[in-house]
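Engineer: could you work out the structure for the sequence below:
(4 chains)
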There are 2 protein chains.
Amino acid sequence: MTNENPTPELQTLLSDLVSVTHRLTRIAAQATGEQTSPATWRTLSVLSSFGPMRLGELAKQSRVSQPTMTKIVANLNEVEWIRRIADVDDARAWQIALAPKGIRALSDWRDKLGAALAPLFDDLDREEIEVISRAVDLLHECTDVRAADVVKAA
Amino acid sequence: MTNENPTPELQTLLSDLVSVTHRLTRIAAQATGEQTSPATWRTLSVLSSFGPMRLGELAKQSRVSQPTMTKIVANLNEVEWIRRIADVDDARAWQIALAPKGIRALSDWRDKLGAALAPLFDDLDREEIEVISRAVDLLHECTDVRAADVVKAA
DNA sequence: TATTATACATAGCTCTGCTATGCATCTGTT
DNA sequence: AACAGATGCATAGCAGAGCTATGTATAATA
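Structural biologist: A predicted model of the protein is given here:
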């Protein structure tokens, strides 16, 4: 590939972003003594954002394989953080929905995470926090667009 | 905590950040078919940023346990991405240094990663990229300096 | 010199996520 | 209607990452 790329800095930026966020998630994991897997939280977050959906759909959204999602859902079902609802149109499929306990768990996790990381960001002023906030929004958009490909009108 | 928590939004922001970056790293991992562990790249990045250091120090910086770092370093040594240099002052310790192959590998990884993710960010304009760039800088500061203190305290 | 602390190595476990495959159900063609 | 292939989820089994507990050699200290 010849270097016609107008923004080689973008590549550097993105790899830096990945590096720094890896570090951040490690800090979060160690600080909270987290025992639930990231994929599980992604799954709950997806359900929280988009509502009930099929297991396979959930796998794509959470970026894990279908068998992995089968396991995750089984675990979540055991602790009653989600409910399995039979799909009336397709006997092979389930609709996976957040259960009240799952909503609380997700909320608790966010609190814990925020509390654990907040001290690191104490020194930031309003404007700097605003920058991070805008960046998160942008990242959300850029990573969700892909999801739109996958998500069919339900 | 004497922190009166003036910004509950900060906690939400941080958990959103963690969520979205988890997603991003999953996308990156799937897009590049990555087979080297994140911790390994963190390790190389640390060495690249701070220069040679002892194995234990490297473990703290990379946010893994010492035995895990022993494994990582052993693997990196086999493929000659790092060199082990005997510590002249302490026969128990090693100085771990990036080898030329490691420098190239790190550079290649950054290229691949950037290339894989760049398409997602095609629609962003200069100003938006600048926002993300500043956010990455801020995250770097917050996770580099403070994190070291937190670890040592623990 | 004896004791305790430190730095790294080893052993062994658990958990997560993967591929390959199986089973049931749906869809389309004849 | 019946069969063939596609699809949705479950199961089996594997590989890798990272952990705790512990071992071994060296340093530091009393």
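
Engineer: how much space between the residue nearest the centre of chain A and B:Ser48?
Structural biologist: Chain A has A:Arg42 as the residue nearest its centroid, 3.2 Å off, counting by Cα atoms, centre = their mean. Noted for A:Arg42: a distance of 29 Å to B:Ser48, by Cβ to Cβ, to the nearest Å. C-beta here means a position set from N, CA and C on the backbone, and glycine is covered the same way.

Engineer: again, but for A:Ala74
Structural biologist: Counting by Cβ to Cβ, the gap from A:Ala74 to B:Ser48 is 41 Å.

Engineer: who has more neighbours, the two?
Structural biologist: Under the neighbour definition other Cβ atoms under 10 Å in any protein chain shown, A:Ala74 and B:Ser48 were set side by side, and B:Ser48 has more, 14 against 11.

Engineer: pretty sure A:Ile82 contacts A:Ala74?
Structural biologist: No - counting by Cβ atoms under 8 Å, A:Ala74 is not a contact partner of A:Ile82; they are 10.0 Å apart.

Engineer: which regions of chain A sit below the pLDDT cut-off?
Structural biologist: A:1-8, A:145-154 (pLDDT under 70).

Engineer: got the residues of chain A near DNA strand C?
Structural biologist: Within chain A, the residues that sit near DNA strand C (Cβ under 7 Å from any atom of the strand) are A:35-40, A:63-65, A:67-68, A:71-72, A:89-92.

Engineer: and A:Asp89, how many residues sit next to it?
Structural biologist: 7.

Engineer: how about it, what does it touch?
Structural biologist: By Cβ atoms under 8 Å, 6 or more residues apart in numbering or on different chains, the contact list for A:Asp89 is empty.

Engineer: could you pull up phi and psi at it?
Structural biologist: A:Asp89 adopts backbone torsions of phi -90, psi -10, taken as degrees, to the nearest 10.

Engineer: with A:Asp123 instead?
Structural biologist: For A:Asp123, the backbone dihedrals are phi -80, psi -10 (criterion: degrees, to the nearest 10).

Engineer: how about it: what's its closest non-neighbour residue?
Structural biologist: B:Cys142 (7.7 Å; Cβ to Cβ, 6 or more residues apart in numbering or on different chains).

Engineer: just the buried residues of the strand or helix carrying A:His140, please?
Structural biologist: In this structure, A:His140 sits in helix A:126-150 according to DSSP states H and E. Buried positions in helix A:126-150, judged by neighbour count with 16 or more other Cβ atoms under 10 Å in any protein chain shown: A:128-129, A:131-133, A:135-136, A:138-140, A:142-144, A:146-147.

Engineer: what does chain A put close to DNA strand D?
Structural biologist: Near DNA strand D, when you scan chain A using Cβ under 7 Å from any atom of the strand, you find A:30, A:54-57, A:66-67, A:70-71, A:73-74, A:87, A:90, A:92-94.

Engineer: fine by me, thanks again.
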